[in-house]
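Novice: coords please:
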Amino acid sequence: MQVGIDKMAFATTDEYVDLRELARTRGDEPDKYTIGIGQDQQAVVPPTQDIVTLGARAAAKLLTAEDKRHLSTIIVATESGIDNSKASAIYIKHLLGLDDFVRAVELKEACYSGTAGVQFAKGLVTMNPQSTVLVIAADIARYGLATPGEVTQGAGAVAMLISTNPRVLSLEDTSVSYTKDVMDFWRPLYATEAHVDGKYSTNVYIEFFLQCWQRYQQITGHQLADFAALTFHLPFTKMGKKALEGLLQADQSAVAETLRSQLTASQIYSRKVGNLYTGSLYLGLMSLLQNGTVNAGDRIGLFSYGSGAEGEFYTGIVQPQFKKYLNDVADDLGARQRVSVGQYEQEFNAQLGLNQADIAFDLSNDHETFVLAGQKNHQRIYRRQ
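Specialist: Residues are numbered from 1 along each chain as shown. The predicted structure is shown next:
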């Protein structure tokens, strides 16, 4: 029985800031951002948008009435939770109008939990092959204005439907997880921005990838030539390149050059959106499937990483007609509006955050289907417009 990703959809905000302009405003050379970090644009988040609205927006792009009838569970993976108790999945379930007999949970382990959600969903579907599971990886990466991590911010959500007879990617059984107690990145309960040791985190990321890959090879006997592409968690696109080069080293073979070319294809969307935390790996997968050289039957490797730290390497086989079951990400990104650095800073500071006061956001110029209208009596108010 094949189980895997049947459909995928991505959603981000309708605004972005150009990182060349941001670099000049911050007194930096643009190449530091576009080449050194590997980012060109970054999603800007209006105060009326958060992980709930973005997650609902992504899921609405792929769910049909028939899909909803078979849905048993919704899993939301995030490290941008909006409540210490109540799962964001419940808000999304309500906005999507899902049946009350649908299980709804939230998962957390930094950027890794999207992969945990996929693996948990695979197990649920294997136990009940008639059911499907909706996995949503939704996040807003915040490090603060004019901070070293500002250029690695971003926002968005990737929604995936996990089922038998998947039409995008059939997941193979062997996976390798690797976990250690590492303080490379964390966000205390009282903070809206993360703490990160960037250089150390990069080194840990590469180490975890190499450990997972080596163990995977020992178990399966597969070599690089058995893969059409390797995809990576991309908090910034240069990170994936560093991991791949840590494996390839000086290898200039045809196989190595193909993997390098496919990595470039997988980075295209992330360069225009920024860091998605839990969704970064899966936006990279979508970018590969829509921009790379990929054919039915190809094996793709996926490396997931979450600071703290946990990594996992697993694989999937591309299915026929896979492109029909992805939304047109390039078209969506092309329809966004560019905003100035000043407007980006204003919206960054307007987020609800840890504010406990009642607030009502102005929705008069907000045309999104799902919105955060504000907060009243310590309760977030969501609306479907």
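
Novice: quick one: strands adjacent to the helix or strand bottoming out on mean pLDDT in the chain?
Specialist: Among the secondary structure pieces of the chain, namely its helices and strands, strand 195-196 has the lowest mean (mean pLDDT, DSSP states H and E), a mean of 86. According to DSSP bridges, strand 195-196 forms sheet pairs with strand 185-186 (antiparallel).

Novice: Doesn't His222 belong to a helix?
Specialist: No - with DSSP: H, G, I helix; E, B strand; the rest coil as the criterion, His222 is located in coil rather than a helix.

Novice: so who does it touch?
Specialist: 216, 299 (CB atoms under 8 Å, 6 or more residues apart in numbering). The way it works is simple: take the backbone N, C-alpha and C, and place the C-beta from them, glycine included.

Novice: In contact with Thr231, which residues?
Specialist: Applying CB under 8 Å, 6+ apart to Thr231 gives the contacts 240, 263, 266, 281, 284-285, 288, 300-303.

Novice: again, 7 Å this time
Specialist: Contact partners of Thr231, counting by CB atoms under 7 Å, 6 or more residues apart in numbering, are 266, 281, 284-285, 288, 300-302.

Novice: and what of Asp18?
Specialist: With contact set as CB under 7 Å, 6+ apart, Asp18 has these partners: 41, 338.

Novice: Could you rerun that using 8 Å?
Specialist: By CB under 8 Å, 6+ apart, the contact set of Asp18 is 40-41, 338.

Novice: which residues touch the least confident helix or strand of the chain?
Specialist: By CB under 8 Å, 6+ apart, the residues outside strand 195-196 that reach it are 143, 149, 184-188, 307.

Novice: Can you tell me which of the residues you listed is nearest Phe232?
Specialist: Sorting the contacts of strand 195-196 by distance to Phe232 puts Ser307 at the head of the list, at 14.5 Å, by CB to CB.

Novice: what's the spacing between the residue most central in space within the chain and Lys7?
Specialist: With the centre of the chain defined as its mean C-alpha position, the nearest residue by CA atoms, centre = their mean is Gly279, 0.9 Å away. Between Gly279 and Lys7 the distance, using CB to CB, to the nearest Å, works out to 15 Å.

Novice: Doesn't the residue nearest to the centre of the chain lie inside a helix?
Specialist: Yes - the assignment for Gly279 is a helix, going by three-state DSSP.

Novice: thought it was touching Ala138?
Specialist: Yes - with contacts defined as CB atoms under 8 Å, Gly279 counts as touching Ala138 at a distance of 6.5 Å.

Novice: what do the two both touch?
Specialist: Where contact means CB under 8 Å, 6+ apart, the residues bridging Gly279 and Ala138 through contact with each are 156-158.

Novice: Give me the subset of those that lies in helices.
Specialist: Secondary structure assignment (DSSP state H) places none of the shared contacts of Gly279 and Ala138 within helices.

Novice: So which of these sit within strands?
Specialist: Using DSSP state E to define strands, the subset of those located there is 156-158.

Novice: Relative to Tyr200, which of the residues you listed is nearest.
Specialist: Using CB to CB, Gly156 comes nearest to Tyr200 of those, at 26.1 Å.

Novice: Number of residues surrounding the closest residue in space to Lys324 that isn't next to it in sequence?
Specialist: Closest residue to Lys324 apart from its sequence neighbours, by CB to CB, 6 or more residues apart in numbering: Arg167 at 7.4 Å. Around Arg167 there are 18 other residues, counting by other CB atoms under 10 Å.

Novice: burial of the closest residue in space to Gln267 that isn't next to it in sequence, as a residue count?
Specialist: By the measure of CB to CB, 6+ apart, the closest residue to Gln267 outside its immediate chain neighbours is Thr237, 4.1 Å from it. Counted by other CB under 10 Å, the residues lying close to Thr237 total 24.

Novice: Next up, phi/psi of Thr237, please.
Specialist: phi -70, psi -30 (degrees, to the nearest 10).

Novice: My guess is it contacts Ser270. True?
Specialist: Yes - with contacts defined as CB under 8 Å, Thr237 counts as touching Ser270 at a distance of 5.3 Å.

Novice: so what's in contact with those two at the same time?
Specialist: With CB under 8 Å, 6+ apart applied, the overlap between the contact sets of Thr237 and Ser270 consists of Gln39.

Novice: that older thread, check contacts around the residue nearest to the centre of the chain.
Specialist: The neighbourhood of Gly279, defined by CB under 8 Å, 6+ apart, consists of 10, 114, 137-139, 156-158.

Novice: Go through those and name the one nearest Glu29.
Specialist: Nearest to Glu29 among the contacts of Gly279: Gly156, at 27.1 Å, using CB to CB.

Novice: Tell me the spacing between that closest one and Ala89.
Specialist: 17 Å.

Novice: quick revisit: would you turn the ones in strands among the shared contacts of Gly279 and Ala138 into JSON lines with pLDDT, neighbour count and distance to Glu109?
Specialist: Compiled in JSON lines, these are given as follows (pLDDT from 0 to 100; neighbours: other CB atoms under 10 Å; distance: CB to CB, whole Å):
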{"residue": "Gly156", "pLDDT": "98", "neighbour count": "31", "distance to Glu109": "19"}
{"residue": "Ala157", "pLDDT": "98", "neighbour count": "32", "distance to Glu109": "17"}
{"residue": "Val158", "pLDDT": "98", "neighbour count": "31", "distance to Glu109": "17"}
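
Novice: nearest to Gly198, of the residues you listed?
Specialist: Comparing these against Gly198 with CB to CB places Gly156 closest, at 21.3 Å.

Novice: Could you tell me how many residues sit around Pro129?
Specialist: By other CB under 10 Å, 12 other residues sit near Pro129.

Novice: so it touches Gln2, yeah?
Specialist: No - taking CB under 8 Å as the contact criterion, Pro129 and Gln2 are not neighbours in contact, 10.2 Å apart.

Novice: Name the residues contacting each of these two.
Specialist: Taking CB under 8 Å, 6+ apart as the contact definition, Pro129 and Gln2 share the neighbouring residues Thr164.

Novice: quick check: domain ranges of the protein?
Specialist: Residue ranges for the structural domains of the chain, counted by automatic domain parsing, are given in the record as 3-168+327-384, 170-320.
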